[in-house]
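K.L.:
output the structure for:
(one chain, ligands or ions: 2)
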Amino acid sequence: PIPREPPKIHRLDESVVNRIAAGEVIQRPVSAIKELVENSIDAKSSSISVAIKDGGLKLIQVSDDGHGIRYEDLPILCERHTTSKLSAFEDLRCIKSMGFRGEALASMTYVGHVTVTTITEGELHGYRVSYRDGVMEHEPKACAAVKGTQIMVENLFYNMAARRKTLQNSADDYSKIVDLMSRFAVHHINISFSCRKHGAMRADVHTTATSSRLDAIRSVYGVSVARNLMEIEASDNDPSSSLFEMKGFISNADYAAKKITMVLFINDRLVECSALKRAIEIVYAATLPKASKPFVYMTIALPSENVDVNVHPTKREVSLLNQEVIIEKIQSVIESRLRSSNDARTFQEQT
Ligand code: ADP
Ligand code: MG
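P.N.:
Ligands and ions are numbered 1, 2, ... in the order given. Next up, the predicted model:
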């Protein structure tokens, strides 16, 4: 055989590296909205509204009434790895904010056109500036603004033809966005949320701040869901096995659905935990006569050193210490709660 020369290795252009990384952090429009809304939550907002055009491909707009961004921070706001939330790696152990890596806004500027309007407390006017590939396109312009920050992302994935095409074919991102906003709204009940298609009169998610979780669930998921919920609680104080506290609402035997709805927050982060979800489905299938899928809202608090929030670029899946023990405890609490409600129900039907 003819000897072949190995291909030459070269360093990728920084802009190529950044665009590839950005495509991983922002996988689809809904990932951008998650990052933007979490930034608004981190900014201590009491009201967050989202407007969407064309499933988020044409326009994403997130407005909040949070603390705003300093004028002097605007030049580096959208650079990679610039953040106000983390300084040392050790801080990750006890980080309370949703964000910490300073990658979200930067990523959006590599795959879309980002415009920021912001005003800080005590200022007479705000500033507006647009970004491309991590940098400001021009000096910030003074403008009228109401309290807080508005971030606009236009033409998401304009420079990623394949991504745009697959997303255009599946027109379901708006429903993913509504689903995401619903989850935020039932957890952060002290914040008002709204989510609408740009220009639409009616919002598809609309909540006002409340002190009642059940009220929040009712206004997002409807009366028929809220009517059939039971409150649950579980905890473990034994540091040798597991330390956790769980609270939530689960559907009772009268609730009927074809699909499970599982809204899960661990240490106030919206996450997925497929093992826990499956474990709960199993309990329902084994305990209730009807093959109905449950509705579950659950919030779990763990010592922050027992959760690794840094396992995935989207921060979606978290890994927990003592996961099996925690899941078993939760299963048994749900099972006994379901049994007692189902027994009471059978009794009622007989008399
Ligand atoms: P991270 O959230 O990981 O810090 P981001 O790229 O999401 O990184 O945001 C960078 C910084 O921009 C944040 O640390 C924060 O200081 C500021 N910021 C972003 N969005 C907002 C907002 N809506 N209100 C106030 N500050 C914001
Ligand atoms: Mg962030």
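
K.L.:
which positions in the stretch 51-200 of the chain make contact with ligand 2?
P.N.:
By Cβ under 5 Å from the ion, the residues of the stretch 51-200 of the chain that approach ligand 2 are 99, 104. The C-beta positions use only the backbone N, C-alpha and C, and glycine is treated the same way.

K.L.:
how about the stretch 51-200 of the chain: which residue is closest to ligand 1?
P.N.:
Per Cβ to the nearest ligand atom, residue 99 is where the stretch 51-200 of the chain lies closest to ligand 1, at 2.1 Å.

K.L.:
so that residue is in contact with residue 35, correct?
P.N.:
Yes: counting by Cβ atoms under 8 Å, residue 99 touches residue 35, with 7.4 Å between them.

K.L.:
my guess is residue 203 contacts residue 194. True?
P.N.:
Yes: here residue 203 lies in contact with residue 194, judged by Cβ under 8 Å, at a distance of 4.4 Å.

K.L.:
so what's the residue of the stretch 51-200 of the chain closest to ligand 1 up against?
P.N.:
35, 38-39, 42, 83, 85 (Cβ atoms under 8 Å, 6 or more residues apart in numbering).

K.L.:
any residues in contact with both of residue 203 and residue 194?
P.N.:
Joint contacts of residue 203 and residue 194 (Cβ under 8 Å, 6+ apart) are residue 49.

K.L.:
how far away is the residue of the stretch 51-200 of the chain closest to ligand 1 from residue 262?
P.N.:
Distance of residue 99 to residue 262, given as Cβ to Cβ, to the nearest Å: 24 Å.

K.L.:
what's the answer for residue 269, then?
P.N.:
Taking Cβ to Cβ, one finds residue 269 at 15 Å from residue 262.

K.L.:
which of the two has more residues huddled nearby?
P.N.:
Between residue 269 and residue 262, residue 262 has the larger neighbour count (other Cβ atoms under 10 Å), namely 21 against 15.

K.L.:
quick one: strands adjacent to the strand or helix carrying the more buried one?
P.N.:
Using DSSP states H and E, residue 262 falls within strand 261-266. Using DSSP bridges, strand 261-266 pairs in its sheet with strand 269-270 (antiparallel), strand 295-301 (parallel).

K.L.:
what comes into contact with the following helix or strand past the shortest one?
P.N.:
Meaning strand 269-270. Using DSSP H and E, the helix or strand that follows strand 269-270 towards the C-terminus is helix 274-287. Residues outside helix 274-287 that contact it (Cβ under 8 Å, 6+ apart) are 250, 260, 262, 264, 291-294, 296, 317, 323, 326-327, 330-331, 334-335, 338-339, 342.

K.L.:
what remains of these if I keep only buried residues?
P.N.:
By neighbour count, with 16 or more other Cβ atoms under 10 Å, these hold 250, 260, 262, 264, 292-294, 296, 326-327, 330-331, 334-335, 338, 342 as buried.

K.L.:
and which of those residues is nearest ligand 2?
P.N.:
residue 264 (20.2 Å; Cβ to the ion).

K.L.:
show the contacting residues for the closest one.
P.N.:
270-273, 276-277, 296, 298-300.

K.L.:
neighbours around the closest residue to it other than its chain neighbours, how many?
P.N.:
Leaving aside its chain neighbours, residue 264 sits nearest to residue 298 (5.3 Å; criterion: Cβ to Cβ, 6 or more residues apart in numbering). Neighbourhood size, residue 298 [other Cβ under 10 Å]: 23.

K.L.:
residue 298 reaches residue 245, doesn't it?
P.N.:
No: Residue 298 lies out of contact with residue 245 (Cβ under 8 Å); the separation is 11.2 Å.

K.L.:
the lowest-mean-pLDDT helix or strand in the chain pairs with which strands?
P.N.:
Least confident helix or strand of the chain, by mean pLDDT, DSSP states H and E, is strand 319-320 with a mean of 72. Sheet partners assigned to strand 319-320 using DSSP bridges are listed as strand 307-308 (antiparallel).

K.L.:
neighbouring contacts of the partner strand?
P.N.:
266-267, 318-321.

K.L.:
need the residues you listed in CSV with neighbour count and distance to residue 184, can you?
P.N.:
Output for the contacts of strand 307-308, formatted as CSV (neighbours: other Cβ atoms under 10 Å; distance: Cβ to Cβ, whole Å):
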residue, neighbour count, distance to residue 184
266, 22, 15
267, 18, 15
318, 20, 17
319, 13, 22
320, 22, 21
321, 15, 26
